[in-house]
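Trainee: pasting a predicted model and its sequence here:
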Amino acid sequence: MKDIIKLSLILGIFCTAAAFSLAGVNKITRPRIEMERKRVIKEALEHVLPGAKIITENKTIDEKTYYLGYAAEDTTQRPNEFAFIAYGQGYSSRIQTMVGVNNKGIIESIEILFQQETPGLGAKSTEIRPREEKPWFQKQFAGKFAADIKVDKDNGEIVSITGATITSRAVANSIQEGIEWLSDYVKFEKEKTITE
Amino acid sequence: MENKGLFEEFIKGIYKENPITAIFLGLCPTLAVTTSLINGLGMGLAAAFVLLFSNIIVSSVKGIVPRKIRIPIYIVIIATFVTIVELIMAGFIPSLFRALGIYVPLIVVNCIILGRAEAFASKNSLGRSIIDALGMGIGFTIVLVFLGSVREIIGDGKLLGYYLFGPEFEPVLLMILPPGAFILIGLILGTINWIEIRKNQKIFLKFKEKKLITTENPK
C-alpha cells in the first residue's frame, strides 16, 4: 500500500513537471500558430476564389464565418463568389476544407486546410501526383453542383481514395452540407440543379 | 561499457550500432517518411532532438526513478518533448509540419528513443548519454537523408524540389511508394552485410596464415 502511494506520487510529480513545461512552450508558440493559420486561410481563399479582387468576411448569427468575393474593388455590388470552411469528421481527424463556390452554386475549387488521416490512405486526400500542380482528389470537385458531391459508393461523382472511403465521404458530405448551409445566407442564381 | 572512449561512444551510433542498419529500430518512420530529402532530414532532426533531451532527462533522474514505474516515466518524458517539437514545428516551420503531419506524434513510440533511454541513459552518466544521443541521432538522420535523397532522385526526378533531369526523364514511381523504401533499405543492409562478411573473412584468413586457427572447416 505504501509502495503504491509512493509510486503514484513520483509519477504525479513527473507528470506535473511535464504539464508545466508544455504550458510554457504553448504560451510561446500559440500566437505563431494562430498567425500561421490566418495566413493559410488567406492563401487558400485566394486559391479557391480566383476571380475575386476583394474578399470580405461575414459572420452568421451562430458565429460561423463565410467569405464573400467581389469581382471588382467595390463592395457595394453583389459578390460573385463565396467561400466557407467545411468541417467533416474523418477517420482520425476533423478534416477542414476551404470551399469556393460561384454565384450559381457551382464549386470553383476546394483546398484541404487540415487533416491528420492515416498516411498512405486518408492522407492521400492531399497527395499531389508527380508533375501535377494540384492534389488529384481535390481537383475533381471543381465545376460540380452540391447535388453531385457524393462519393462513388453513394452514387455520386467523386472518385474516392482507395482504402479511405471514410475520409473521402467526410470531405464530400461536409462540402455538400456546407453549400446547403450557405444557401440559407446567400442567394445563388436560379438556373441550377436540374439533376434528374 | 564505462571504459569505452568518448569518441568511440559517439561514433558507434553512426555505423557500428546504427539504429537502423545495425539494431533495426524505428523502421516504421524510416520507411514511411523518406519520400524526399527534406522529409528525411526533418524527421531525423526531430527524432534526434527528442532523443537528446529524453536521454538528458532520463540520465539525470535515473537515481530517483523507481524500477517499477520507469517505463511510464520515460514515456511521459518522451511524450513531453515530442509535443514540444510538434508545437515549435507548427509555429516556426509550418511547411515541414504539414509534410511530416502524423509522423511527428509517432516519435513517441519510436523504439530508438525508448530503447536508448532503457538500454543506455538509465545506466550511464549524463555526459555519456548526451554523446550517445548525438551519435545515435546523427546516425539515424544520415540513413533517413540518404534514403530520402535516393528515393526523391529516382522516384521523382527531383532533389530538394528542383528537377534534375530533362522532361524526357521518366521517374520510377515505385521508388517513392512504400515498396521502394523496402527495396532500398534491403539493398543498404545487403551491402553492409557484404562488407562486414568480407572484413571478417580477411581477418580469419590472416589468423589462419599465422596458424592461430587450426580448424579445417570453420563456420
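Mentor: Looks like it arrived, so ask away.

Trainee: now the element after the longest helix belonging to chain A, going C-ward?
Mentor: As assigned by DSSP state H, the longest helix anywhere in chain A is helix A:2-48. Of the helices and strands lying after helix A:2-48 in sequence (DSSP states H and E), the nearest is strand A:54-59.

Trainee: partner strands of the helix or strand following that next one, parallel or antiparallel?
Mentor: Per DSSP H and E, the first helix or strand lying C-terminal to strand A:54-59 is strand A:65-70. When sheet partners are counted by DSSP bridges, strand A:65-70 sits next to strand A:54-59 (antiparallel), strand A:81-89 (antiparallel).

Trainee: okay, now residue B:66: neighbour count?
Mentor: Neighbourhood size, residue B:66 [other CB atoms under 10 Å in any protein chain shown]: 12. No exception for glycine: its C-beta is placed from N, CA and C like everyone else's.

Trainee: distance of it from residue A:11?
Mentor: Separation of residue B:66 from residue A:11 (CB to CB, to the nearest Å): 9 Å.

Trainee: so who does residue B:45 touch?
Mentor: Applying CB atoms under 8 Å, 6 or more residues apart in numbering or on different chains to residue B:45 gives the contacts B:137, B:141.

Trainee: take the strands paired with strand A:65-70 and lay them out in CSV including mean pLDDT, mean neighbour count and distance to residue A:154.
Mentor: Below are those laid out as CSV (pLDDT from 0 to 100; neighbours: other CB atoms under 10 Å in any protein chain shown; distance: least, CB to CB, whole Å):
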stretch, mean pLDDT, mean neighbour count, distance to residue A:154
strand A:54-59, 80, 13, 31
strand A:81-89, 90, 22, 14
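
Trainee: closest one to residue A:180 among those?
Mentor: Closest approach to residue A:180 among the strands paired with strand A:65-70 (CB to CB): strand A:81-89, 10.9 Å.

Trainee: quick one: distance of the closest one to the chain centre.
Mentor: How far strand A:81-89 lies from its chain's middle: 6 Å, per CA atoms, centre = their mean, to the nearest Å.

Trainee: same question for stretch A:47-56.
Mentor: 17 Å.

Trainee: on that earlier part again, so for residue B:118, which of the strands paired with strand A:65-70 sits nearest?
Mentor: The nearest among the strands paired with strand A:65-70, by CB to CB, is strand A:81-89 at 37.4 Å.

Trainee: return the set of buried residues in the helix or strand following the closest one.
Mentor: Heading C-terminal from strand A:81-89, the first helix or strand you meet, by DSSP H and E, is strand A:94-102. Residues of strand A:94-102 classed as buried by neighbour count (16 or more other CB atoms under 10 Å in any protein chain shown): A:95, A:96, A:97, A:98, A:99, A:100, A:101, A:102.

Trainee: is chain B contacted by strand A:94-102?
Mentor: No. Figure legend: strand A:94-102 not in contact with chain B (CB under 8 Å from any CB of the partner chain); closest approach 12.5 Å.

Trainee: which other helices and strands contact that strand?
Mentor: Packing contacts for strand A:94-102, counted by 3 or more CB pairs under 8 Å, 6 or more residues apart in numbering or on different chains; DSSP states H and E, involve helix A:2-48, strand A:81-89, strand A:107-114, helix A:165-182.

Trainee: quick check: angle from that strand to strand A:81-89?
Mentor: Relative orientation of strand A:94-102 and strand A:81-89, computed by axes from the mean of the first three to the mean of the last three CA atoms, to 10 degrees: 160 degrees.

Trainee: alpha carbons of strand A:94-102, as PDB, please.
Mentor: Backbone C-alpha positions of strand A:94-102 (Å, rounded to 0.1, in the frame of the first residue of the first chain) are rendered in PDB as follows:
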ATOM      1  CA  ARG A  94     -11.600  16.600 -38.200                       C
ATOM      2  CA  ILE A  95     -10.900  17.500 -41.800                       C
ATOM      3  CA  GLN A  96     -11.100  21.200 -42.600                       C
ATOM      4  CA  THR A  97     -11.700  22.100 -46.200                       C
ATOM      5  CA  MET A  98     -11.800  25.600 -47.700                       C
ATOM      6  CA  VAL A  99     -14.500  25.600 -50.400                       C
ATOM      7  CA  GLY A 100     -15.100  28.300 -53.100                       C
ATOM      8  CA  VAL A 101     -18.400  28.400 -55.000                       C
ATOM      9  CA  ASN A 102     -19.500  30.900 -57.600                       C
END
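
Trainee: touching it from outside, list them.
Mentor: Contacts of strand A:94-102 (CB under 8 Å, 6+ apart): A:41, A:44-45, A:47-51, A:69, A:80-89, A:107-115, A:117, A:125, A:141, A:167, A:170-171, A:174-175, A:178-179, A:182, A:188.

Trainee: now do the worst-scoring helix or strand of chain A on mean pLDDT: distance to the chain's middle.
Mentor: Counting by mean pLDDT, DSSP states H and E, the weakest-scoring helix or strand in chain A turns out to be strand A:54-59, with a mean of 80. Chain-centre distance of strand A:54-59: 17 Å, with CA atoms, centre = their mean.

Trainee: so which strand or helix has the residue lying closest to residue B:13 once chain neighbours are set aside?
Mentor: Excluding its sequence neighbours, the residue lying closest to residue B:13 (CB to CB, 6 or more residues apart in numbering or on different chains) is residue B:135, at 3.1 Å. Here residue B:135 sits within helix B:126-156, counting by DSSP H and E.
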